[in-house]
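> Give me the fold of what follows.
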Amino acid sequence: MNIFVIMKRTFDTEEKITLQNGQINEDGAEFIINPYDEYAVEEAIQLRDANSGVVTVVTIGGEDSEKELRTALAMGCDKAVLINTEDDLEEGDQFTTSRILAEYFKNQKIDIILGGNVTIDGGSGQVGPRLAELLDIAYITTITKLDINGDKATVVRDVEGDSEVIEATLPLLVTTQQGLNEPRYPSLPGIMKAKKKPLDELELADLDLEEDEVEPKTKTIEIFLPPKKEDGKVLAGEIEEQVKELVSLLRNEAKVV
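Numbers count the residues shown, from 1 in each chain. From the prediction side, this is the model:
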């Protein structure tokens, strides 16, 4: 089975993020595998172990992305591919990403592609569906369970507080979310093995793509941090006194009643 994972290197949003000139300041920022992509990596490894085959993890970025690719290899992926756009593209969007990935995948034999449902830095959830459309294969989003038997896949996905079961035929693209599995941590033997696993590097020219073919269709106008929350207030006294004070605060300060 040919199993692929599309992965993104993202900011660690649990660390402090600062802005400079309306852009995220990358100096000193921590980068990680997009957490939703970790579910995709884990599910891909489990699929490989259950059905045999090869897991290839693919990302678009610069040389710095090798660290996250090596982490995925240490988790258990077999091969990695870096599509290096550092010297070719100053910026991109979901169109750019899906277009580049589609050009890479058109020459691959695909059984299944897995990727995170969203990225924590953008959150659009567009790349997976866009890629599947370009490849003309079926796709299912926000999955919480995946079973494959031969060329048939049975998938459970979230739908507005409930779930639905879908059957599909491979090749297939799915996007993963929390609840599908529990991603493993790279082990020390896994980290050592990852150093010897193949990591191929491609550029746009290797995919017969020109810069103008993948120019973004959207532009980010501004990035800003959410407003700082004011300190809360602790109400004291008897319940009746607290209720009166709360109503007064809601009416006079919050002006919501």
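> rest of the way, CA atoms for contacts and neighbours
OK.
> Output the longest helix belonging to the chain.
Among the elements of type helix in the chain, defined by DSSP state H, the one spanning the most residues is helix 35-51.
> next SSE after that helix?
Next along the chain after helix 35-51, taking DSSP states H and E as the criterion, comes strand 54-61.
> Could you check the angle that next one makes with helix 35-51?
Strand 54-61 runs at 160 degrees relative to helix 35-51, counting by axes from the mean of the first three to the mean of the last three CA atoms, to 10 degrees.
> re the thing from before, return the list of helices and strands in contact with the longest helix of the chain.
Under the contact definition 3 or more CA pairs under 8 Å, 6 or more residues apart in numbering; DSSP states H and E, helix 35-51 sits against strand 2-6, strand 54-61, helix 66-75, strand 112-116, strand 172-176.
> Mind jotting down where the helices sit in the chain?
For the chain, the helices defined by DSSP H cover 35-51, 66-75, 94-105, 127-135, 188-194, 239-252.
> What count of nearby residues applies to Ile120?
Ile120 sits with 17 neighbouring residues when counted by other CA atoms under 10 Å.
> returning to what we had before: could you dump the helices and strands packed on helix 35-51 into CSV with mean pLDDT and distance to Pro183 added?
Converted to CSV, the helices and strands packed on helix 35-51 look like this (pLDDT from 0 to 100; distance: least, CA to CA, whole Å):
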stretch, mean pLDDT, distance to Pro183
strand 2-6, 97, 14
strand 54-61, 96, 15
helix 66-75, 96, 9
strand 112-116, 97, 12
strand 172-176, 97, 12
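> May I see the ones you listed organised as TSV, with distance to Val243 added?
Shown next, in TSV, are the helices and strands packed on helix 35-51 (distance: least, CA to CA, whole Å):
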stretch	distance to Val243
strand 2-6	53
strand 54-61	55
helix 66-75	52
strand 112-116	45
strand 172-176	45
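> from those, which stretch is densest packed?
Greatest average neighbour count among those goes to strand 112-116 (a mean of 28), per mean count of other CA atoms under 10 Å.
> Work out the sheet partners of it and label each with its direction, please.
Using DSSP bridges, the strands paired with strand 112-116 are strand 2-6 (parallel), strand 172-176 (parallel).
> Okay, and the beta partners of the closest residue to Tyr36 other than its chain neighbours?
What sits nearest to Tyr36 in space, not counting adjacent residues and going by CA to CA, 6 or more residues apart in numbering, is Gly116, at 4.3 Å. Gly116 has these beta-bridge partners by DSSP bridges: Thr176.
> and what of Thr169?
Lys152.
> Would you mind finding the longest strand in the chain?
strand 138-149 (DSSP state E).
> buried ones in the longest helix of the chain?
Neighbour-count burial for helix 35-51, with 16 or more other CA atoms under 10 Å as criterion, is recorded at 35-45, 47-48.
> what's next to it, contact-wise?
For helix 35-51, the surrounding residues in contact (CA atoms under 8 Å, 6 or more residues apart in numbering) are 1, 3-8, 54-55, 57, 72, 75-77, 114-120, 148, 175-178, 180-184.
> same thing but at 6 Å, please
Contacting residues not belonging to helix 35-51 are listed as Met7, Leu114, Gly115, Gly116, Thr176, Gln177, Pro183 [CA atoms under 6 Å, 6 or more residues apart in numbering].
> quick one, it and helix 66-75 angle?
Put simply, helix 35-51 runs at 30 degrees to helix 66-75, going by the same axes, to 10 degrees.
> who wins for proximity to Pro227 among the helices and strands packed on helix 35-51?
Across the helices and strands packed on helix 35-51, the minimum distance to Pro227, taken as CA to CA, is reached by strand 112-116, at 28.2 Å.
> Would you map out the domains in the chain?
The chain breaks down into these domains under automatic domain parsing: 2-213, 227-257.
> Please identify the most buried of those domains.
A comparison of the domains of the chain by mean neighbour count, using mean count of other CA under 10 Å, puts domain 2-213 on top with a mean of 18.
> End to end on that one, go ahead and measure it.
28 Å (CA to CA, to the nearest Å).
> so where's this protein shaky on pLDDT?
22-23, 28 (pLDDT under 70).
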